[in-house]
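S.K.: task: produce atomic coordinates for the following.
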Amino acid sequence: MLVRLMYASRAAADVGQDELVAILRQSKQNNPAVGITGLLCFSGGVFIQALEGGRAAVSHLYNRIAADKRHTDVVLLSYEEIGERRFAGWSMGQVNMGRLNPALLLKYSATAVLDPHSVSGKISMSLFDELVATASIMGERG
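M.R.: Next up is the predicted model:
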């Protein structure tokens with residue numbers, strides 16, 4: 001059974017580009033072996049991530065993330081059984097915040113700042129769908 005989980009968290013300390021690259025590298029190395037795909041967005045000290053895969057693998061990874069000291073204020077935005085993946089092409093894609101049009105954020109929230117803690121999981125997933133559609137994702141597919 002496939003599931004999709006989306007969560008948001010705040011960085012516990014200043015997470016720089018090097019730390020973000022390390023997280024993405026580790027995800028791309030570990031996720032294919034357990035069948036997990038997804039997208040990660042990091043902006044202004046806020047993480048938002050969608051994970052897809054088997055129920056046990058996704059739940060295990062989410063529990064590890066929730067216990068990770070790099071994250072605080074971890075909030076589960078959505079969890080659902082799915083018939084197919086939306087992000088099958090990415091072992092872990094990264095949203096290119098440099099290419100993100102602030103108007104896209106305004107479409108889904110009160111300000112042009114990424115703040116998934118203030119919107120629903122459904123709204124956050126709609127934002128991710130548009131990011132994929134507008135090719136605002138970085139990283140190798142697969």
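
S.K.: show me where this protein has helices.
M.R.: Remark: helices assigned in the chain by DSSP state H are 17-34, 55-67, 102-108, 121-133.

S.K.: tell me which of those is the most buried.
M.R.: Comparing the helices of the chain by mean neighbour count (mean count of other Cβ atoms under 10 Å), helix 121-133 comes out on top with a mean of 17. Placement of C-beta: from N, CA and C, glycine included.

S.K.: what mean pLDDT does it get?
M.R.: The average pLDDT within helix 121-133 is 82.

S.K.: check which helices and strands it sits against.
M.R.: On a contact count with 3 or more Cβ pairs under 8 Å, 6 or more residues apart in numbering; DSSP states H and E, helix 121-133 meets strand 2-11, strand 37-43, strand 46-54, strand 71-82, helix 102-108.

S.K.: switch the ones you listed over to CSV; also include distance to A133.
M.R.: What follows is those, written out as CSV (distance: least, Cβ to Cβ, whole Å):
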stretch, distance to A133
strand 2-11, 17
strand 37-43, 12
strand 46-54, 14
strand 71-82, 18
helix 102-108, 10
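
S.K.: and R25, which of these is closest to it?
M.R.: With distances scored as Cβ to Cβ, the stretch of those nearest to R25 is strand 37-43 (11.8 Å).

S.K.: tell me which helix or strand in the protein has the weakest average pLDDT.
M.R.: strand 137-138 (a mean of 60; mean pLDDT, DSSP states H and E).

S.K.: surely Y7 meets V75?
M.R.: Yes: the pair Y7 / V75 is scored as a contact, 6.3 Å apart, by Cβ atoms under 8 Å.
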